[in-house]
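Peer 1: Give me the fold of what follows.
(chains A and B)
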Amino acid sequence: MARMGMVFDLKRCIGCNACVVGCKQENSLPDGVFFTRTLSEEYGVYPSVKRVYIPTLCNHCEDPPCEKVCPSGATYTRDDGIVMIDGDQCIGCSACAVACPYDARTQVTQESLEKGLYGTGELTPFEKDGYKRFTPGTMVKCDFCSQRVDAGLDPACVVTCPTDARIFGDLDDPDSKPSRLIRERGGRTPLADKNTRPKVYYVD
Amino acid sequence: MSPNQTTFSGDSFQLGYRFQNYWDFHMATAFFFGELGAGMFLVSMYFGFVPGMVLGLLCTGVGKPYFHMSHMGVPAKSWRAILRPDRSWISRGLISIVVFVPSAALVVLDVLFGWSGGGMLGKLVALVAVASSLLVMTYQGFAMSHSSAIALWNSGLMPVSSIVYALTSGAAVSLALSVFFDSTISLVLSKLVLVLVAATAVVLLSLLHSSYHGTVGARQSLELLIKGQFARNFFLLVIGAGMVLPILALWFGGASILSSLIAAVGVVAGFYTYRLLIFKAGVYEPQISFSARLGLSRG
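Peer 2: Model (predicted):
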(Lines give C-alpha, C1' and ligand atoms only; values in the text may rest on other atoms or scores of the structure.)
Protein backbone atom coordinates (compact mmCIF):
# COMPACT_ATOMS: atom_id res chain seq x y z
CA MET A 1 0.00 0.00 0.00
CA ALA A 2 1.23 3.47 -0.86
CA ARG A 3 2.22 6.00 1.81
CA MET A 4 1.66 9.41 0.30
CA GLY A 5 3.87 12.28 1.38
CA MET A 6 5.40 15.53 0.22
CA VAL A 7 8.80 17.15 0.11
CA PHE A 8 9.42 20.91 0.09
CA ASP A 9 12.57 21.97 -1.69
CA LEU A 10 13.37 25.24 0.05
CA LYS A 11 16.08 26.11 -2.47
CA ARG A 12 13.40 26.27 -5.13
CA CYS A 13 10.58 28.02 -3.25
CA ILE A 14 10.35 31.69 -4.24
CA GLY A 15 7.44 32.59 -1.97
CA CYS A 16 5.05 33.43 -4.80
CA ASN A 17 2.11 31.84 -2.93
CA ALA A 18 0.72 30.40 -6.17
CA CYS A 19 0.29 27.15 -4.20
CA VAL A 20 -1.90 28.96 -1.68
CA VAL A 21 -4.11 30.37 -4.44
CA GLY A 22 -4.22 27.04 -6.27
CA CYS A 23 -5.29 25.31 -3.05
CA LYS A 24 -8.01 27.85 -2.35
CA GLN A 25 -9.37 27.47 -5.86
CA GLU A 26 -9.29 23.68 -5.90
CA ASN A 27 -10.92 23.36 -2.50
CA SER A 28 -13.26 26.38 -2.64
CA LEU A 29 -11.86 27.66 0.64
CA PRO A 30 -13.83 30.47 2.30
CA ASP A 31 -12.34 33.72 3.55
CA GLY A 32 -9.74 33.17 6.27
CA VAL A 33 -9.32 29.45 5.63
CA PHE A 34 -5.98 28.20 4.32
CA PHE A 35 -4.96 24.59 3.88
CA THR A 36 -1.42 25.67 3.01
CA ARG A 37 0.62 28.74 3.80
CA THR A 38 4.02 29.86 2.65
CA LEU A 39 5.61 31.40 5.72
CA SER A 40 8.62 33.66 5.47
CA GLU A 41 11.56 34.02 7.79
CA GLU A 42 14.19 36.71 7.62
CA TYR A 43 17.61 36.35 9.14
CA GLY A 44 20.92 38.12 9.21
CA VAL A 45 21.90 41.71 9.91
CA TYR A 46 21.75 44.54 7.40
CA PRO A 47 23.23 44.57 4.79
CA SER A 48 23.52 40.77 4.84
CA VAL A 49 19.87 39.92 5.25
CA LYS A 50 18.24 36.85 3.74
CA ARG A 51 14.71 35.62 3.56
CA VAL A 52 13.69 32.00 3.37
CA TYR A 53 10.21 30.79 2.44
CA ILE A 54 8.78 27.86 4.32
CA PRO A 55 5.67 26.23 2.84
CA THR A 56 3.44 24.55 5.40
CA LEU A 57 0.36 22.34 5.36
CA CYS A 58 -1.06 19.39 7.26
CA ASN A 59 1.85 16.99 7.73
CA HIS A 60 -0.34 13.87 7.54
CA CYS A 61 1.56 12.43 10.49
CA GLU A 62 2.14 8.70 10.92
CA ASP A 63 1.14 9.15 14.54
CA PRO A 64 -1.41 11.97 14.24
CA PRO A 65 -2.25 13.58 17.58
CA CYS A 66 -5.37 15.08 16.02
CA GLU A 67 -6.75 11.62 15.37
CA LYS A 68 -5.96 10.42 18.88
CA VAL A 69 -7.84 13.21 20.62
CA CYS A 70 -10.88 13.32 18.30
CA PRO A 71 -13.79 12.26 20.52
CA SER A 72 -16.22 11.52 17.70
CA GLY A 73 -13.99 9.52 15.38
CA ALA A 74 -14.27 12.17 12.66
CA THR A 75 -10.53 12.24 12.04
CA TYR A 76 -9.14 9.10 10.47
CA THR A 77 -6.23 7.93 8.34
CA ARG A 78 -6.80 6.41 4.92
CA ASP A 79 -4.95 3.31 3.81
CA ASP A 80 -2.61 5.48 1.75
CA GLY A 81 -1.68 7.52 4.84
CA ILE A 82 -3.72 10.64 4.09
CA VAL A 83 -5.28 12.00 7.30
CA MET A 84 -8.90 12.97 6.67
CA ILE A 85 -11.80 14.65 8.47
CA ASP A 86 -15.33 13.35 8.01
CA GLY A 87 -17.42 16.52 8.12
CA ASP A 88 -20.56 14.53 8.92
CA GLN A 89 -19.02 13.16 12.10
CA CYS A 90 -17.12 16.26 13.27
CA ILE A 91 -18.74 18.10 16.20
CA GLY A 92 -16.48 21.15 16.06
CA CYS A 93 -14.97 20.76 19.54
CA SER A 94 -11.54 21.92 18.26
CA ALA A 95 -9.70 19.31 20.31
CA CYS A 96 -7.82 18.33 17.16
CA ALA A 97 -6.76 21.93 16.55
CA VAL A 98 -5.17 22.30 19.98
CA ALA A 99 -3.54 18.88 19.61
CA CYS A 100 -1.92 19.64 16.24
CA PRO A 101 1.58 21.10 16.79
CA TYR A 102 1.48 22.58 13.28
CA ASP A 103 -1.67 24.65 13.69
CA ALA A 104 -2.86 23.06 10.46
CA ARG A 105 -6.59 23.03 11.17
CA THR A 106 -9.28 25.67 10.89
CA GLN A 107 -12.90 25.85 11.88
CA VAL A 108 -15.30 26.78 9.08
CA THR A 109 -17.82 29.26 10.41
CA GLN A 110 -21.31 29.96 9.15
CA GLU A 111 -20.31 33.61 8.88
CA SER A 112 -17.39 32.93 6.52
CA LEU A 113 -19.61 30.80 4.29
CA GLU A 114 -22.29 33.48 4.17
CA LYS A 115 -20.22 36.59 3.62
CA GLY A 116 -18.25 35.11 0.72
CA LEU A 117 -14.78 35.89 -0.53
CA TYR A 118 -15.71 39.49 -1.34
CA GLY A 119 -17.28 40.07 2.07
CA THR A 120 -20.49 41.38 0.54
CA GLY A 121 -22.79 38.49 1.34
CA GLU A 122 -23.22 37.77 -2.35
CA LEU A 123 -21.72 34.45 -3.39
CA THR A 124 -20.37 33.79 -6.85
CA PRO A 125 -21.62 30.63 -8.63
CA PHE A 126 -18.17 29.14 -7.90
CA GLU A 127 -18.59 29.78 -4.17
CA LYS A 128 -22.20 28.57 -4.09
CA ASP A 129 -21.19 25.27 -5.58
CA GLY A 130 -17.90 24.91 -3.71
CA TYR A 131 -19.18 25.70 -0.23
CA LYS A 132 -21.54 22.71 -0.40
CA ARG A 133 -18.65 20.52 0.74
CA PHE A 134 -18.40 22.33 4.09
CA THR A 135 -20.51 21.81 7.18
CA PRO A 136 -20.53 25.04 9.22
CA GLY A 137 -18.82 24.68 12.59
CA THR A 138 -16.67 21.72 11.62
CA MET A 139 -12.91 21.53 11.37
CA VAL A 140 -11.19 21.44 8.00
CA LYS A 141 -7.64 20.91 6.81
CA CYS A 142 -5.51 19.85 3.86
CA ASP A 143 -6.21 16.34 2.64
CA PHE A 144 -3.55 16.37 -0.10
CA CYS A 145 -6.47 17.06 -2.49
CA SER A 146 -7.66 13.48 -1.95
CA GLN A 147 -10.18 13.87 -4.75
CA ARG A 148 -7.29 14.49 -7.15
CA VAL A 149 -5.10 11.76 -5.65
CA ASP A 150 -7.96 9.28 -6.12
CA ALA A 151 -8.04 10.30 -9.77
CA GLY A 152 -4.31 9.69 -10.11
CA LEU A 153 -3.39 13.39 -10.07
CA ASP A 154 -1.03 15.39 -7.88
CA PRO A 155 -2.45 17.88 -5.32
CA ALA A 156 -3.35 21.32 -6.69
CA CYS A 157 -0.51 23.07 -4.86
CA VAL A 158 2.02 20.71 -6.46
CA VAL A 159 0.84 21.22 -10.03
CA THR A 160 0.52 25.00 -9.47
CA CYS A 161 4.04 25.50 -8.15
CA PRO A 162 6.05 27.18 -10.93
CA THR A 163 9.43 26.11 -9.53
CA ASP A 164 8.68 22.48 -8.64
CA ALA A 165 9.37 23.23 -4.99
CA ARG A 166 6.64 20.82 -3.93
CA ILE A 167 7.18 17.17 -4.73
CA PHE A 168 4.44 14.65 -4.02
CA GLY A 169 4.57 10.89 -4.15
CA ASP A 170 4.73 7.52 -2.45
CA LEU A 171 7.24 7.53 0.41
CA ASP A 172 7.20 3.72 0.52
CA ASP A 173 8.51 3.57 -3.02
CA PRO A 174 12.31 3.99 -2.76
CA ASP A 175 12.45 5.12 -6.38
CA SER A 176 9.80 7.82 -6.08
CA LYS A 177 11.03 11.41 -6.42
CA PRO A 178 10.23 12.43 -2.83
CA SER A 179 11.94 9.31 -1.44
CA ARG A 180 15.07 10.03 -3.46
CA LEU A 181 15.13 13.67 -2.39
CA ILE A 182 14.76 12.77 1.28
CA ARG A 183 17.53 10.19 0.99
CA GLU A 184 19.96 12.24 -1.06
CA ARG A 185 19.50 15.64 0.54
CA GLY A 186 18.71 14.70 4.11
CA GLY A 187 15.04 15.51 4.49
CA ARG A 188 13.98 17.03 7.80
CA THR A 189 10.56 16.92 9.38
CA PRO A 190 9.04 19.89 11.23
CA LEU A 191 9.04 19.80 15.03
CA ALA A 192 10.52 16.32 15.07
CA ASP A 193 10.65 16.42 18.88
CA LYS A 194 6.87 16.17 18.98
CA ASN A 195 7.15 12.56 17.76
CA THR A 196 4.27 12.84 15.34
CA ARG A 197 6.34 11.43 12.45
CA PRO A 198 5.20 13.78 9.66
CA LYS A 199 5.00 12.59 6.08
CA VAL A 200 6.06 16.05 4.94
CA TYR A 201 9.79 16.73 4.65
CA TYR A 202 11.96 19.77 4.03
CA VAL A 203 15.20 19.75 2.04
CA ASP A 204 17.51 22.74 1.68
CA MET B 1 18.24 39.71 17.98
CA SER B 2 19.40 36.24 18.93
CA PRO B 3 18.39 33.23 16.81
CA ASN B 4 16.01 31.97 19.44
CA GLN B 5 14.40 35.33 20.07
CA THR B 6 11.20 34.86 18.16
CA THR B 7 8.15 36.88 17.38
CA PHE B 8 4.43 36.28 17.47
CA SER B 9 3.23 35.91 13.94
CA GLY B 10 -0.47 35.87 14.71
CA ASP B 11 -2.43 34.77 11.68
CA SER B 12 0.09 36.22 9.25
CA PHE B 13 2.33 34.38 6.81
CA GLN B 14 5.40 35.00 8.97
CA LEU B 15 7.24 32.28 10.83
CA GLY B 16 6.82 32.64 14.57
CA TYR B 17 4.82 31.68 17.62
CA ARG B 18 1.07 31.51 17.21
CA PHE B 19 -1.48 31.83 19.97
CA GLN B 20 -3.93 28.98 20.32
CA ASN B 21 -7.35 30.59 20.01
CA TYR B 22 -9.44 27.50 19.36
CA TRP B 23 -10.28 26.91 23.01
CA ASP B 24 -11.57 30.27 24.12
CA PHE B 25 -13.62 31.87 26.89
CA HIS B 26 -16.46 29.35 26.51
CA MET B 27 -14.21 26.35 26.90
CA ALA B 28 -12.34 27.93 29.83
CA THR B 29 -15.64 28.66 31.56
CA ALA B 30 -16.88 25.12 30.93
CA PHE B 31 -13.69 23.70 32.43
CA PHE B 32 -14.04 26.10 35.37
CA PHE B 33 -17.64 25.05 36.11
CA GLY B 34 -16.81 21.36 35.76
CA GLU B 35 -13.92 21.48 38.19
CA LEU B 36 -15.58 23.87 40.64
CA GLY B 37 -18.81 21.86 40.69
CA ALA B 38 -17.23 18.43 41.07
CA GLY B 39 -14.87 19.72 43.78
CA MET B 40 -17.72 21.41 45.65
CA PHE B 41 -19.85 18.28 45.48
CA LEU B 42 -17.08 16.05 46.76
CA VAL B 43 -16.10 18.32 49.67
CA SER B 44 -19.75 18.92 50.62
CA MET B 45 -20.55 15.23 50.33
CA TYR B 46 -17.77 14.45 52.80
CA PHE B 47 -19.36 16.84 55.28
CA GLY B 48 -22.94 15.80 54.41
CA PHE B 49 -23.60 19.44 53.48
CA VAL B 50 -26.57 19.44 51.10
CA PRO B 51 -26.51 23.10 49.85
CA GLY B 52 -22.92 22.60 48.66
CA MET B 53 -23.76 19.29 47.03
CA VAL B 54 -26.72 20.80 45.17
CA LEU B 55 -24.79 23.86 43.99
CA GLY B 56 -21.87 21.67 42.90
CA LEU B 57 -24.24 19.43 40.98
CA LEU B 58 -25.79 22.46 39.26
CA CYS B 59 -22.36 23.85 38.30
CA THR B 60 -21.31 20.56 36.69
CA GLY B 61 -24.69 19.49 35.40
CA VAL B 62 -25.89 22.83 34.01
CA GLY B 63 -23.08 25.40 33.86
CA LYS B 64 -20.49 23.12 32.28
CA PRO B 65 -22.71 21.65 29.54
CA TYR B 66 -24.10 25.11 28.69
CA PHE B 67 -20.67 26.56 28.00
CA HIS B 68 -19.50 23.42 26.22
CA MET B 69 -22.50 23.63 23.90
CA SER B 70 -21.79 27.33 23.33
CA HIS B 71 -18.31 26.36 22.17
CA MET B 72 -19.27 23.46 19.92
CA GLY B 73 -19.26 24.10 16.20
CA VAL B 74 -22.07 21.61 15.67
CA PRO B 75 -23.95 21.42 19.00
CA ALA B 76 -26.64 19.12 17.59
CA LYS B 77 -24.02 16.42 17.06
CA SER B 78 -22.20 16.89 20.35
CA TRP B 79 -23.49 13.54 21.62
CA ARG B 80 -20.95 12.00 19.27
CA ALA B 81 -18.20 13.12 21.67
CA ILE B 82 -18.94 10.01 23.70
CA LEU B 83 -17.86 7.62 20.96
CA ARG B 84 -14.10 7.27 21.48
CA PRO B 85 -13.32 6.64 25.18
CA ASP B 86 -10.56 4.28 24.05
CA ARG B 87 -8.37 7.18 22.98
CA SER B 88 -9.94 10.57 23.74
CA TRP B 89 -10.01 12.24 27.15
CA ILE B 90 -12.96 14.31 25.99
CA SER B 91 -14.97 11.13 25.46
CA ARG B 92 -13.91 9.82 28.86
CA GLY B 93 -14.83 13.15 30.42
CA LEU B 94 -18.25 13.21 28.80
CA ILE B 95 -18.94 9.69 30.07
CA SER B 96 -17.84 10.74 33.56
CA ILE B 97 -20.29 13.67 33.47
CA VAL B 98 -23.10 11.44 32.23
CA VAL B 99 -22.39 9.09 35.15
CA PHE B 100 -21.74 11.85 37.69
CA VAL B 101 -24.93 13.88 37.30
CA PRO B 102 -27.51 11.13 38.02
CA SER B 103 -25.40 9.40 40.67
CA ALA B 104 -24.74 12.70 42.47
CA ALA B 105 -28.45 13.55 42.28
CA LEU B 106 -29.27 10.17 43.82
CA VAL B 107 -26.76 10.83 46.61
CA VAL B 108 -28.41 14.20 47.35
CA LEU B 109 -31.82 12.53 47.44
CA ASP B 110 -30.43 9.84 49.73
CA VAL B 111 -29.08 12.44 52.16
CA LEU B 112 -32.40 14.33 52.07
CA PHE B 113 -34.89 11.45 52.09
CA GLY B 114 -32.85 8.36 52.93
CA TRP B 115 -34.22 6.31 50.04
CA SER B 116 -31.52 3.66 50.43
CA GLY B 117 -32.02 3.21 54.15
CA GLY B 118 -28.23 3.03 54.58
CA GLY B 119 -28.13 -0.12 52.44
CA MET B 120 -25.58 -1.42 49.98
CA LEU B 121 -27.22 0.22 46.96
CA GLY B 122 -26.88 3.68 48.51
CA LYS B 123 -23.21 3.05 49.25
CA LEU B 124 -22.63 1.83 45.73
CA VAL B 125 -24.25 4.94 44.24
CA ALA B 126 -22.15 7.13 46.55
CA LEU B 127 -19.01 5.31 45.43
CA VAL B 128 -19.91 5.85 41.76
CA ALA B 129 -20.57 9.55 42.47
CA VAL B 130 -17.18 9.97 44.17
CA ALA B 131 -15.30 8.13 41.41
CA SER B 132 -17.03 10.05 38.62
CA SER B 133 -16.53 13.39 40.40
CA LEU B 134 -12.80 12.67 40.61
CA LEU B 135 -12.77 11.94 36.89
CA VAL B 136 -14.73 15.13 36.12
CA MET B 137 -12.17 17.07 38.16
CA THR B 138 -9.15 15.61 36.42
CA TYR B 139 -10.08 14.71 32.84
CA GLN B 140 -9.76 18.29 31.62
CA GLY B 141 -6.22 18.43 32.92
CA PHE B 142 -5.49 15.15 31.16
CA ALA B 143 -7.05 16.44 27.94
CA MET B 144 -4.76 19.48 28.08
CA SER B 145 -1.61 17.62 29.13
CA HIS B 146 -2.19 15.19 26.25
CA SER B 147 -1.55 18.03 23.77
CA SER B 148 2.10 18.12 22.78
CA ALA B 149 1.26 21.05 20.52
CA ILE B 150 0.89 23.52 23.39
CA ALA B 151 4.03 23.07 25.44
CA LEU B 152 2.64 24.91 28.47
CA TRP B 153 -0.13 22.33 28.74
CA ASN B 154 2.00 19.33 27.93
CA SER B 155 2.83 18.65 31.56
CA GLY B 156 1.85 15.97 34.05
CA LEU B 157 1.12 18.81 36.46
CA MET B 158 -1.97 19.86 34.46
CA PRO B 159 -4.28 17.17 35.92
CA VAL B 160 -2.75 17.81 39.34
CA SER B 161 -3.52 21.52 39.04
CA SER B 162 -7.05 20.63 37.93
CA ILE B 163 -7.73 18.53 41.00
CA VAL B 164 -6.20 20.92 43.53
CA TYR B 165 -8.00 23.91 42.03
CA ALA B 166 -11.25 21.92 41.95
CA LEU B 167 -10.97 20.93 45.59
CA THR B 168 -9.78 24.37 46.70
CA SER B 169 -12.51 26.31 44.94
CA GLY B 170 -15.10 23.69 45.92
CA ALA B 171 -14.08 23.90 49.56
CA ALA B 172 -14.00 27.72 49.47
CA VAL B 173 -17.54 28.02 48.07
CA SER B 174 -18.75 25.34 50.49
CA LEU B 175 -17.22 27.42 53.30
CA ALA B 176 -19.06 30.54 52.13
CA LEU B 177 -22.33 28.59 52.03
CA SER B 178 -21.72 26.92 55.37
CA VAL B 179 -21.60 30.20 57.30
CA PHE B 180 -25.23 30.71 56.27
CA PHE B 181 -26.56 27.15 56.35
CA ASP B 182 -24.44 25.08 58.73
CA SER B 183 -21.85 26.97 60.76
CA THR B 184 -20.77 23.82 62.63
CA ILE B 185 -18.55 22.81 59.72
CA SER B 186 -17.23 26.30 58.92
CA LEU B 187 -14.15 26.13 61.15
CA VAL B 188 -12.98 22.80 59.71
CA LEU B 189 -13.69 24.01 56.18
CA SER B 190 -11.73 27.23 56.74
CA LYS B 191 -8.69 25.19 57.81
CA LEU B 192 -9.17 22.88 54.84
CA VAL B 193 -9.25 25.86 52.47
CA LEU B 194 -6.02 27.19 53.99
CA VAL B 195 -4.25 23.88 53.40
CA LEU B 196 -5.65 23.53 49.89
CA VAL B 197 -4.68 27.08 48.88
CA ALA B 198 -1.14 26.34 50.05
CA ALA B 199 -1.17 23.10 48.02
CA THR B 200 -2.45 24.99 44.97
CA ALA B 201 0.38 27.49 45.32
CA VAL B 202 2.93 24.67 45.37
CA VAL B 203 1.41 23.06 42.26
CA LEU B 204 1.24 26.39 40.41
CA LEU B 205 4.85 27.15 41.28
CA SER B 206 5.85 23.68 40.08
CA LEU B 207 3.99 24.24 36.82
CA LEU B 208 5.80 27.53 36.24
CA HIS B 209 9.10 25.92 37.16
CA SER B 210 8.61 23.05 34.73
CA SER B 211 7.69 25.55 31.99
CA TYR B 212 10.89 27.48 32.66
CA HIS B 213 12.89 24.31 32.13
CA GLY B 214 10.71 23.12 29.26
CA THR B 215 10.76 23.73 25.51
CA VAL B 216 10.96 27.15 23.89
CA GLY B 217 7.17 27.19 23.58
CA ALA B 218 6.70 26.55 27.29
CA ARG B 219 9.17 29.33 28.15
CA GLN B 220 7.38 31.68 25.78
CA SER B 221 4.09 30.96 27.55
CA LEU B 222 5.74 31.44 30.92
CA GLU B 223 7.05 34.84 29.84
CA LEU B 224 3.58 35.84 28.73
CA LEU B 225 2.25 34.90 32.16
CA ILE B 226 4.85 36.51 34.38
CA LYS B 227 6.33 39.31 32.25
CA GLY B 228 4.14 39.82 29.21
CA GLN B 229 0.62 40.89 28.49
CA PHE B 230 -0.99 38.55 31.02
CA ALA B 231 1.35 39.32 33.94
CA ARG B 232 -0.85 41.96 35.54
CA ASN B 233 -3.90 39.68 35.76
CA PHE B 234 -1.77 36.73 36.70
CA PHE B 235 -0.17 38.39 39.70
CA LEU B 236 -3.18 40.47 40.73
CA LEU B 237 -5.92 37.87 40.39
CA VAL B 238 -4.34 34.39 40.27
CA ILE B 239 -1.73 35.02 42.96
CA GLY B 240 -3.11 38.03 44.84
CA ALA B 241 -6.86 37.37 44.94
CA GLY B 242 -6.63 33.61 44.52
CA MET B 243 -3.93 32.82 47.06
CA VAL B 244 -2.67 35.70 49.19
CA LEU B 245 -6.08 37.19 49.98
CA PRO B 246 -7.75 33.93 51.12
CA ILE B 247 -4.76 33.01 53.28
CA LEU B 248 -4.74 36.43 54.96
CA ALA B 249 -8.52 36.48 55.40
CA LEU B 250 -8.76 33.00 56.90
CA TRP B 251 -5.57 33.27 58.93
CA PHE B 252 -6.60 36.49 60.63
CA GLY B 253 -10.40 36.29 60.33
CA GLY B 254 -10.98 32.60 61.01
CA ALA B 255 -14.32 31.25 59.88
CA SER B 256 -16.26 34.51 60.26
CA ILE B 257 -18.84 35.44 57.64
CA LEU B 258 -16.73 38.26 56.20
CA SER B 259 -13.46 36.35 56.01
CA SER B 260 -15.20 33.26 54.57
CA LEU B 261 -16.86 35.33 51.86
CA ILE B 262 -13.63 37.16 51.05
CA ALA B 263 -11.75 33.86 50.82
CA ALA B 264 -14.40 32.27 48.60
CA VAL B 265 -14.61 35.23 46.22
CA GLY B 266 -10.81 35.44 46.06
CA VAL B 267 -10.31 31.74 45.37
CA VAL B 268 -13.02 31.62 42.71
CA ALA B 269 -11.74 34.78 41.00
CA GLY B 270 -8.19 33.43 41.07
CA PHE B 271 -9.23 30.03 39.73
CA TYR B 272 -11.31 31.47 36.89
CA THR B 273 -8.51 33.83 35.89
CA TYR B 274 -6.05 30.92 35.99
CA ARG B 275 -8.27 28.91 33.64
CA LEU B 276 -8.58 31.83 31.20
CA LEU B 277 -4.89 32.71 31.26
CA ILE B 278 -3.67 29.14 30.85
CA PHE B 279 -5.77 28.99 27.68
CA LYS B 280 -4.69 32.41 26.44
CA ALA B 281 -0.98 31.84 27.11
CA GLY B 282 -0.93 28.59 25.15
CA VAL B 283 1.23 28.99 22.05
CA TYR B 284 2.25 26.89 19.08
CA GLU B 285 5.97 26.80 18.45
CA PRO B 286 7.41 27.87 15.09
CA GLN B 287 7.29 24.81 12.84
CA ILE B 288 10.79 24.94 11.53
CA SER B 289 13.40 27.66 11.80
CA PHE B 290 16.35 27.87 9.49
CA SER B 291 17.96 30.88 11.11
CA ALA B 292 18.10 29.00 14.42
CA ARG B 293 19.47 25.93 12.68
CA LEU B 294 22.18 27.93 10.97
CA GLY B 295 22.93 29.96 14.09
CA LEU B 296 21.94 33.19 12.38
CA SER B 297 20.14 36.22 13.74
CA ARG B 298 16.58 36.76 12.70
CA GLY B 299 16.03 39.95 10.82
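Peer 1: If I look at the residue in the stretch 51-200 of chain B positioned nearest to chain A, what pLDDT would I see?
Peer 2: Residue nearest to chain A within the stretch 51-200 of chain B: B:G73 (1.8 Å; CB to the nearest CB). Glycine gets a C-beta too; all of them are placed from N, C-alpha and C. Per-residue pLDDT puts B:G73 at 94.
Peer 1: excluding its backbone neighbours, what's nearest it?
Peer 2: A:G92 (1.8 Å; CB to CB, 6 or more residues apart in numbering or on different chains).
Peer 1: count of neighbours near the one you found?
Peer 2: Per other CB atoms under 10 Å in any protein chain shown, the neighbour tally for A:G92 reads 25.
Peer 1: how close does the residue of chain A most remote from its centre sit to chain B?
Peer 2: Residue farthest from the centre of chain A, counting by CA atoms, centre = their mean, is A:P47 at 34.4 Å. A:P47 sits 11 Å away from chain B, going by CB to the nearest CB, to the nearest Å.
Peer 1: quick one: pLDDT of that residue?
Peer 2: Looking at A:P47, its pLDDT is 90.
Peer 1: In three-state terms, label residue 117 for me.
Peer 2: Picking chain A for this. On the three-state scheme (DSSP: H, G, I helix; E, B strand; the rest coil), A:L117 is labelled coil.
Peer 1: sorry, should have said chain B
Peer 2: Assigned with three-state DSSP, B:G117 falls in the coil class.
Peer 1: And A:D129, by the same measure?
Peer 2: helix.
Peer 1: which residues touch it?
Peer 2: Shown in contact with A:D129 (CB atoms under 8 Å, 6 or more residues apart in numbering or on different chains): A:S28.
Peer 1: before we move on, what about B:R84?
Peer 2: A:C70, A:P71, A:S72, A:G73, B:S91 are the contacts of B:R84 under CB under 8 Å, 6+ apart.
Peer 1: what do you get for B:L237?
Peer 2: With contacts defined as CB under 8 Å, 6+ apart, the neighbours of B:L237 are B:A269, B:G270, B:T273.
Peer 1: Get me the contact residues on the stretch 1-150 of chain B for chain A.
Peer 2: By CB under 8 Å from any CB of the partner chain, the residues of the stretch 1-150 of chain B that approach chain A are B:3, B:9, B:13-15, B:18, B:20, B:22-23, B:27, B:71-74, B:77-78, B:80-84, B:87-91, B:94, B:143, B:146-150.
Peer 1: quick one: which of those sit in helices?
Peer 2: Of the positions in these, B:M27, B:H71, B:W89, B:I90, B:S91, B:L94, B:A143 sit in helices, assigned by DSSP state H.
Peer 1: what's the burial count for the first one?
Peer 2: Meaning B:M27. 22.
Peer 1: The residue nearest to B:G73 belongs to a strand?
Peer 2: No - with three-state DSSP as the criterion, A:G92 is located in coil rather than a strand.
Peer 1: thinking it is in contact with B:M69, fair?
Peer 2: No - in this structure, A:G92 is not within contact of B:M69 by CB atoms under 8 Å, at 10.9 Å.
Peer 1: outside of the host helix or strand of A:L113, which residues touch it?
Peer 2: Per DSSP states H and E: A:L113 is located in helix A:110-115. Residues external to helix A:110-115 that are found in contact with it (CB under 8 Å, 6+ apart): A:P30, A:D31, A:G32, A:V33, A:G121, A:Y131, A:F134, A:P136, A:G137.
Peer 1: from the residues you listed, which is closest to chain B?
Peer 2: Set against chain B, the nearest of the contacts of helix A:110-115 by CB to the nearest CB is A:G137 (2.7 Å).
Peer 1: Just say helix, strand or coil for the nearest residue to A:R183 once chain neighbours are set aside.
Peer 2: Leaving aside its sequence neighbours, A:R183 sits nearest to A:P174 (CB to CB, 6+ apart; 7.7 Å). At A:P174 the chain is in coil, as set by three-state DSSP.
Peer 1: buried ones in stretch A:126-138?
Peer 2: Using 16 or more other CB atoms under 10 Å in any protein chain shown as the test for burial, stretch A:126-138 gives A:E127, A:G130, A:Y131, A:F134, A:T135, A:P136, A:G137, A:T138.
Peer 1: Determine the three-state secondary structure at A:I167.
Peer 2: Following three-state DSSP, A:I167 is assigned to strand.
Peer 1: rewinding a little: for A:R3, state which of the contacts of B:R84 is nearest.
Peer 2: Nearest to A:R3 among the contacts of B:R84: A:C70, at 21.2 Å, using CB to CB.
Peer 1: need the contact list for the closest one.
Peer 2: Taking CB under 8 Å, 6+ apart as the test, what A:C70 contacts is A:A95, A:C96, B:R84, B:S88.
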